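In: Generate coordinates for the sequence data below:
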Amino acid sequence: MIKFFKLVFLSLVITSSFTAQTVTPLFEGEVIYSNTFKSKNPKLKEKELSAMMGSIHNYYVKNGDYKTVTNGAFAQWQLYIQKDNKLYNKMVSSDTLFYNDGLDYDDEVLSTKLNKNVTTILGYPCDELILTCKSGVQKYYFNSKLKIDSRYFVNHKYGNYYNYISKTNAVPLKMIIEDYDFIMESVATKVEQKKLPVTVFQLPVNSKVAKFQY
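Out: Next up is the predicted model:
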């Protein structure tokens, strides 16, 4: 069960002063994804995975902070605060926020491949980045107009995040994440660029916080 919890958090990890230095303005706003799952473990049913992890997740990003909110029965949301370099996880069954350090890194990227103009999502022509990892294959589809500055995330090793963002500098519009037990596919159904209040990326007042142990 502990391993399953870890996989849930990895699947969510799935971005100022830098803005003036870039030709394309940084993306700030919300992306809504539809999630589907394919189980590789006979003990994990696909309907159960969808119910636990969520068939939909909302992704909010502003400069170096991001938040993912799901409709799953296990994890409610995950918040990355860049100045802390921590990912805070809110589970349905606990009032305590469990965090992962951004430097936690127990996977390894074995090879990378970039393919140009592979597909179109919501009118955006997308390139494909393939990361072949020890844990499985990860595929990301992106358009450079939805720009993120990877320098914010240089210490975000957890979930291979920096490996992705340093090579694309963009919000993914589709992700296919393979792990030991399942494959998760997330496809953007809506992209909205808008100003977000800083309160979206703040911890609730008087939060109980503990390091996630696995």
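In: pLDDT weak spots in this structure?
Out: For the chain, the stretches flagged by pLDDT under 70 are 1-23, 214.
In: if we go to 80?
Out: Scanning the chain for pLDDT under 80 picks out 1-24, 106, 213-214.
In: could you pull out the helices for it?
Out: With DSSP state H, the ranges of helices along the chain come out as 2-12, 46-53, 161-168.
In: from the chain's centre, how far out does the last one sit?
Out: For helix 161-168, the separation from the chain centroid amounts to 11 Å (computed by C-alpha atoms, centre = their mean, to the nearest Å).
In: just the second one next, same as before
Out: Using C-alpha atoms, centre = their mean, we find the averaged C-alpha position of helix 46-53 to lie 18 Å away from the chain's own average C-alpha position.
In: Tell me the helices and strands packed up against that helix.
Out: helix 2-12, strand 29-39, strand 182-193 (3 or more C-beta pairs under 8 Å, 6 or more residues apart in numbering; DSSP states H and E). Just so you know, the C-beta spots here come from the backbone N, C-alpha and C atoms, and that holds for glycine as well.
In: swap the cut-off to 6 Å and go again
Out: strand 29-39 (3 or more C-beta pairs under 6 Å, 6 or more residues apart in numbering; DSSP states H and E).
In: ok, residues contacting the strand it packs on?
Out: Contact with strand 29-39 is made by 46, 49-50, 55, 57-60, 171, 182-194, as judged by C-beta atoms under 6 Å, 6 or more residues apart in numbering.
In: List only those of these flagged as buried.
Out: Among the contacts of strand 29-39, those buried by neighbour count (16 or more other C-beta atoms under 10 Å) are 49-50, 57-60, 171, 182-188, 191.
In: Closest one to residue 118 out of those residues, please.
Out: Taking C-beta to C-beta as the measure, residue 118 lies nearest residue 187 of the buried ones among the contacts of strand 29-39, at 13.5 Å.
In: Enumerate every residue touching the closest one.
Out: By C-beta under 6 Å, 6+ apart, the contact set of residue 187 is 34, 174.
In: Roughly how far does the residue lying closest to residue 113 once chain neighbours are set aside sit from residue 73?
Out: Using C-beta to C-beta, 6 or more residues apart in numbering and skipping the chain neighbours, the partner closest in space to residue 113 is residue 130 (4.5 Å). Shown here: residue 130 relative to residue 73, a distance of 31 Å by C-beta to C-beta, to the nearest Å.
In: if I read this right, residue 153 contacts residue 165, doesn't it?
Out: Yes - with contact defined as C-beta atoms under 6 Å, residue 153 reaches residue 165; the gap is 5.2 Å.
In: what's the span of stretch 68-78, first residue to last?
Out: By C-alpha to C-alpha, to the nearest Å, the extent of stretch 68-78 from end to end equals 5 Å.
In: just how off-centre is that stretch within its chain?
Out: Taking C-alpha atoms, centre = their mean, one finds stretch 68-78 lying 12 Å from the centre of the chain it belongs to.
In: contacting residues around it?
Out: With C-beta under 6 Å, 6+ apart as the test, stretch 68-78 has contacts from 8, 12, 51-54, 56-59, 87, 89-92.
In: That concludes my questions; thank you for your assistance.
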